[in-house]
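*Asks:* sequence first, predicted coordinates after that:
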Amino acid sequence: MIRLAIIGAGLMGEDHAKIVAEDLPGATLQVVCDMSGERAAMVAERYGAESVATDAEATIRRDDVDAVVIASPDFTHAPLTMACIAAGKRVLCEKPLSQSPAECEAVMKAEQAAGARFVMLGFMRRYDQSYVEMRRALVEGKIGRPLMMHNFHRNVETPATDFTGAMAITNSAPHEFDVVRHVLGTEFISVTAHQPRRSDDRVAPVVMVLETGDGQLVTIEINNNADYGYDVRAELVGEAGSIAMNNVAYTRTDMKLAASTSYDADWRGRYHEAYVRQNRDFLRFAETGHFPEIASDSWDGYCATVVAEAGAAALSAGRKQPVTMMDKPEFYQGHKGVAA
Ligand code: ISE
């Protein structure tokens, strides 16, 4: 059995604890750690954890912890990932790895110095069946050479009152930055960003247009105040056809001359299966040391952060910004496969 520690008992930490407890045979929920001992105890009690802690670094070093899931606040992700590498513990770090490209580079440097893979990033969209089928269609040549990919990412409302348009790019859009790179198998070279004007003081959507190094165009709309539901869409357009996400609704209700389907309130319902698949791949990684075929790693975390930084700069400057990245280290080459 792999003994897992969950660092952070907030929304994501509790969801990971639930998955470990209910959907991850072969793993035990060894420790729930949070700076609030009360919050950690509540989640531990709810999902049957062996113990509770409030000191993240000490938890990572514990002899009864084999691997770690980091779901604490964003600014702690990179330092706690470094602590996992130093302790020789494999880690699933929730996105983002860091908001700073320099911090991402430090993590990659530490991992390479350790001489083995330790870090898996929590860009779980790669495990969602719709993106799996898009990637497979591209690899199998079904739609011809890819030309464009269109993406919508809509939340009911912003998660915090101090949310900004730039945060839509740095907090929400990294999911698209990563999954589009994964599906297309290419890197971004430029980004422009625009916002429409709302009639109220809520954060307006952000629309980005990105160019890839292989001559493709990618559009990404992030709307954190869509109101009607959690709604993510994507369409991959090739020279010989296109493949689009078919809205995942398990039922349709027909009544009073109308038909309706429902939306999830947030990502935890819509992407539950993707999180379970991702976390099972992490468990196998923790057990075997073999990095999963389609998982995201520290390099992918760095790429998403660099694109996010360029996107925020484009929104602020009101003009196209280049996406400039370091050369990909040999250490991170390979494993750009297709899910089974
Ligand atoms: C949020 O930032 C996340 O990371 C969630 O995974 C995503 O589904 C949500 O839409 C984002 O706003």
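*Replies:* Received, thanks.
*Asks:* okay, CA-based contacts and neighbour counts for the rest of this
*Replies:* Fine.
*Asks:* in the stretch 51-200 of the chain, which residue sits closest to the ligand?
*Replies:* Of all residues in the stretch 51-200 of the chain, the one sitting closest to the ligand is residue 172 (3.9 Å; CA to the nearest ligand atom).
*Asks:* touching, that residue and residue 220? I think so.
*Replies:* No - taking CA atoms under 8 Å as the contact criterion, residue 172 and residue 220 are not neighbours in contact, 10.8 Å apart.
*Asks:* how near is the spatially closest residue to the residue of the stretch 51-200 of the chain closest to the ligand that is not a sequence neighbour to residue 163?
*Replies:* Residue nearest to residue 172 in three dimensions, not counting chain neighbours: residue 222, with 7.3 Å by CA to CA, 6 or more residues apart in numbering. Residue 222 sits at a distance of 13 Å from residue 163 (criterion: CA to CA, to the nearest Å).
*Asks:* these two: which is more packed in?
*Replies:* residue 222 (24 against 15; other CA atoms under 10 Å).
*Asks:* could you tell me how many residues sit around residue 309?
*Replies:* As a burial measure, the neighbour count of residue 309 was computed by other CA under 10 Å and equals 19.
*Asks:* looks like residue 117 contacts residue 292 (just checking).
*Replies:* No - distance between residue 117 and residue 292: 10.5 Å, which falls outside the contact criterion (CA under 8 Å).
*Asks:* can you pull the residues of this protein lying near the ligand?
*Replies:* Taking CA under 6 Å from any ligand atom as the contact definition, the chain meets the ligand at 155, 171, 172, 267.
*Asks:* which of those lies closest to residue 56?
*Replies:* Taking CA to CA as the measure, residue 171 is the one of the residues of the chain next to the ligand closest to residue 56, at 23.0 Å.
*Asks:* how near is the residue nearest the centre of the chain to residue 174?
*Replies:* Closest to where the C-alpha atoms of the chain average out (CA atoms, centre = their mean) is residue 123, at 2.5 Å. With distances taken as CA to CA, residue 123 is found 8 Å from residue 174.
*Asks:* equivalent analysis for residue 282, please.
*Replies:* Residue 282 sits 20 Å away from residue 174 when distances are taken as CA to CA.
*Asks:* comparing the two, which residue is more hemmed in?
*Replies:* The residue with more neighbours, out of residue 282 and residue 174, is residue 282; 27 against 22, by other CA under 10 Å.
*Asks:* packing partners for the host helix or strand of residue 151?
*Replies:* According to DSSP states H and E, residue 151 maps onto strand 146-154. Strand 146-154 is packed against helix 174-184, strand 217-223, strand 231-238, with contacts defined by 3 or more CA pairs under 8 Å, 6 or more residues apart in numbering; DSSP states H and E.
*Asks:* so what are the domain limits for the chain?
*Replies:* By the assignment in automatic domain parsing, the chain contains the domains 2-123, 126-272+304-322.
*Asks:* gap between the two ends of the shortest one?
*Replies:* End-to-end distance for domain 2-123: 22 Å, by CA to CA.
*Asks:* tell me the contacts of the closest residue to the ligand within the stretch 201-340 of the chain?
*Replies:* The stretch 201-340 of the chain approaches the ligand most closely through residue 267 (4.4 Å), counting by CA to the nearest ligand atom. By CA atoms under 8 Å, 6 or more residues apart in numbering, residue 267 lies in contact with residue 230.
*Asks:* likewise for residue 292?
*Replies:* The neighbourhood of residue 292, defined by CA under 8 Å, 6+ apart, consists of 281, 282, 284, 285, 335.
*Asks:* between the residues you listed, which is closest to residue 11?
*Replies:* Of all these, the one with the least separation from residue 11 (CA to CA) is residue 282, at 19.6 Å.
*Asks:* whichever strand or helix holds the closest one packs against which elements?
*Replies:* When elements are assigned from DSSP H and E, residue 282 belongs to helix 272-288. Using 3+ CA pairs under 8 Å, 6+ apart as the contact criterion, the secondary-structure elements in contact with helix 272-288 are strand 2-7, helix 11-23, strand 90-93.
*Asks:* neighbouring contacts of whichever helix or strand comes after the last one?
*Replies:* Yep, that's strand 90-93 we're talking about. Using DSSP H and E, the next helix or strand after strand 90-93 towards the C-terminus is helix 101-114. In this structure, residues lying in contact with helix 101-114 by CA under 8 Å, 6+ apart are 78, 81-82, 85-86, 97-98, 117-119, 298-299, 301-302, 305-306, 331.
*Asks:* in strands, which of these fall?
*Replies:* Residues from the contacts of helix 101-114 lying in strands, with DSSP state E as the criterion: residue 119.
*Asks:* in PyMOL, select just the buried ones from the contacts of helix 101-114.
*Replies:* When burial is assessed using 16 or more other CA atoms under 10 Å, the buried subset of these is captured in PyMOL by this command:
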select buried, resi 78+81+82+85+97+98+117+118+119+298+299+301+302+305+306
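*Asks:* from the contacts of helix 101-114, which land in helices?
*Replies:* Of these, the ones assigned to helices by DSSP state H are 78, 81, 82, 85, 86, 298, 299, 301, 302, 305, 306.
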